[in-house]
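K.L.:
quick check, what structure comes out for this input:
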Amino acid sequence: MTWEFGDGDPTWVTLTLAPDGAATRLELEHVGAVPEALWEQFGPSATGLGWDLALHGLALHVGTGASVDPAEAAAWMTSPEGLAALQQSADAWQKADVATGTSADDAAARARRTIAAYTGHAEPPQS
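P.N.:
Numbers count the residues shown, from 1 in each chain. Model prediction:
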């Protein structure tokens, strides 16, 4: 499928399902050009956190069969549990950013800005 954000060019998303024992493994690949200004501001964290949150919502739906209420999802992101999940995801994307050659300080700043953008905080809450 394609994914479009703002006025940017479409990007490609490929989902692959494969048997994994008694379970099913879902692999997601999202490929495309990110506008330079957005990349400098957020790095891979913005898209990574977005997919991590979407997959969290999917896991809740698959596990319960219930729909995820958007207001409850937004409130969860600023709860202690939600902030911990966002931080865990941001930490992983920060490591991926460093692995591609970004300095540790720049990658950390990108991850902090991403959490702030997702939670609506000017500065991410300190745990």
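
K.L.:
and this protein, what are its domains?
P.N.:
1-33, 36-127 (automatic domain parsing).

K.L.:
most packed of those domains?
P.N.:
Ranked by mean neighbour count, the domains of the chain are led by domain 36-127 with a mean of 15 (mean count of other C-beta atoms under 10 Å). C-beta coordinates here come from the backbone N, C-alpha and C atoms, glycine included.

K.L.:
so for that domain, what's the average pLDDT?
P.N.:
For domain 36-127, mean pLDDT rounds to 90.

K.L.:
work out the gap between it and the centre of the chain.
P.N.:
With C-alpha atoms, centre = their mean, to the nearest Å as the basis, domain 36-127 stands 5 Å off its chain's centre.

K.L.:
quick one: Arg25 is in a helix?
P.N.:
No. Secondary structure of Arg25 (DSSP: H, G, I helix; E, B strand; the rest coil): strand, not part of a helix.

K.L.:
how about the closest residue to it other than its chain neighbours, secondary structure?
P.N.:
Nearest residue to Arg25, sequence neighbours excluded (C-beta to C-beta, 6 or more residues apart in numbering): Ala18, at 4.9 Å. For Ala18, the secondary-structure state derived from three-state DSSP is strand.

K.L.:
contact partners for the most centrally placed residue in the chain?
P.N.:
The centre of the chain sits closest to Leu49, judged by C-alpha atoms, centre = their mean, with a distance of 1.2 Å. The contact partners of Leu49, taken as C-beta atoms under 8 Å, 6 or more residues apart in numbering, are Leu86, Ser89, Ala90, Trp93, Thr114, Ile115, Tyr118.

K.L.:
can you give me the strands for this structure?
P.N.:
Using DSSP state E, the strands found in the chain span residues 2-3, 11-20, 23-31.

K.L.:
closest to Glu72 out of those?
P.N.:
Glu72 lies closest to strand 23-31 among those, at 23.5 Å (C-beta to C-beta).

K.L.:
just to revisit the earlier point, out of the strands of the chain, nearest to Pro80?
P.N.:
strand 23-31 (27.4 Å).
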